[in-house]
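Undergrad: Please find the sequence and the predicted model below.
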Amino acid sequence: MPGQGSLISVATTSDPAGAAFELVSAAMTESVAERGRCLLNLSGGSTPLALYRLLAQHPDLPWSDTHLFWGDERFVPVDHLDSNAGSAQQVLVERVPVPASQVYPWPILDTPENSAKAYEALLGRTAGTPPLFDITLLGLGNDCHTAGLFPGSGSMSAPGLTVHSRPPGTTRARLSLTAGALSRSRLVIFLVTGNEKREALAALLAKEGDPERCPARAISALERLLVVTDLGLES
């Protein structure tokens, strides 16, 4: 886990979206050149939207060989304002030549449990058993959550590939890949911006810490684990 033996690199920059774009575009190109396809696992929330807008400006990237997944989703229809897939589709997916058959949003079924089970089955058909992503993008919440893994929700230590939970203090269910599934990626990038994330970033990078209190610490990577941020922890 970060701070507990994993090699986690930190890139501090005034342009996190630009730095992340360089990393993601290079990894996409390398993945397709070496393995014939790229499995890109997208992050939700507002932080990655600047990165998605940059990616959308480059239709020359190997989109025809790229498959898009989402690490987490809110239990809402795709046309809802809070839908992670809906936001990404507007700023990225609809603007690049990625085949519709290679875009895999979470199915929103009758219950969160059934939605989670359906996405686990989809992963087995499309990303392998267990799944193996080339790139996974993650954010970091003020409370040190990542994807849909929240402190106190019981989701951090869930087995299998997917989990549904109701974060403390909320009424809306969240769907998420588990920590184990998120860590099944060659490259994992945490994109962290905003001064309100400073304490959470310090907890993620600390030498010791409890993943139940900081679920982001449960994430590892198969090859490279990176944080791209505009925060300098010394200030």
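TA: Thanks, I have the structure now.
Undergrad: for the residue nearest to A127 when sequence neighbours are not counted, which residues make a bridge with it?
TA: Nearest-residue entry for A127: L39, 5.6 Å, with adjacent residues in sequence omitted and distances by Cβ to Cβ, 6 or more residues apart in numbering. Backbone N, C-alpha and C define where each C-beta goes, glycine included. Taking DSSP bridges as the rule, L39 bridges to H67.
Undergrad: residues in contact with L39?
TA: By Cβ atoms under 8 Å, 6 or more residues apart in numbering, L39 lies in contact with 31, 66-67, 69, 127, 131-135.
Undergrad: Output these as a markdown table; include the columns pLDDT and neighbour count.
TA: Converted to a markdown table, the contacts of L39 look like this (pLDDT from 0 to 100; neighbours: other Cβ atoms under 10 Å):
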| residue | pLDDT | neighbour count |
| --- | --- | --- |
| S31 | 98 | 22 |
| T66 | 98 | 22 |
| H67 | 98 | 19 |
| F69 | 98 | 24 |
| A127 | 97 | 20 |
| P131 | 93 | 21 |
| L132 | 97 | 15 |
| F133 | 98 | 28 |
| D134 | 98 | 25 |
| I135 | 98 | 23 |
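Undergrad: Following the chain onward from the lengthiest strand in the chain, which element is next?
TA: Taking DSSP state E as the criterion, the chain has its longest strand at strand 185-192. Downstream of strand 185-192, the next assigned helix or strand under DSSP states H and E is helix 198-205.
Undergrad: In this structure, where is pLDDT below threshold?
TA: Within the chain, the segments meeting pLDDT under 70 span 1-6, 233-235.
Undergrad: Using PDB, write out every CA atom in the longest helix anywhere in it.
TA: Counting by DSSP state H, the longest helix found in the chain is helix 16-35. The C-alpha trace of helix 16-35 is given here as PDB (Å, rounded to 0.1, in the frame of the first residue of the first chain):
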ATOM      1  CA  PRO A  16      -1.900  18.400 -13.400                       C
ATOM      2  CA  ALA A  17      -4.200  17.900 -16.400                       C
ATOM      3  CA  GLY A  18      -1.400  18.500 -18.900                       C
ATOM      4  CA  ALA A  19       1.000  16.300 -17.000                       C
ATOM      5  CA  ALA A  20      -1.600  13.500 -16.800                       C
ATOM      6  CA  PHE A  21      -2.400  13.900 -20.500                       C
ATOM      7  CA  GLU A  22       1.300  13.200 -21.400                       C
ATOM      8  CA  LEU A  23       1.300  10.100 -19.200                       C
ATOM      9  CA  VAL A  24      -2.000   8.700 -20.400                       C
ATOM     10  CA  SER A  25      -1.400   9.400 -24.100                       C
ATOM     11  CA  ALA A  26       2.000   7.700 -24.000                       C
ATOM     12  CA  ALA A  27       0.600   4.700 -22.100                       C
ATOM     13  CA  MET A  28      -2.300   4.400 -24.600                       C
ATOM     14  CA  THR A  29       0.100   4.400 -27.500                       C
ATOM     15  CA  GLU A  30       2.500   1.900 -25.800                       C
ATOM     16  CA  SER A  31      -0.300  -0.400 -24.800                       C
ATOM     17  CA  VAL A  32      -1.700  -0.700 -28.300                       C
ATOM     18  CA  ALA A  33       1.800  -1.000 -29.900                       C
ATOM     19  CA  GLU A  34       2.700  -3.900 -27.500                       C
ATOM     20  CA  ARG A  35      -0.600  -5.700 -26.900                       C
END
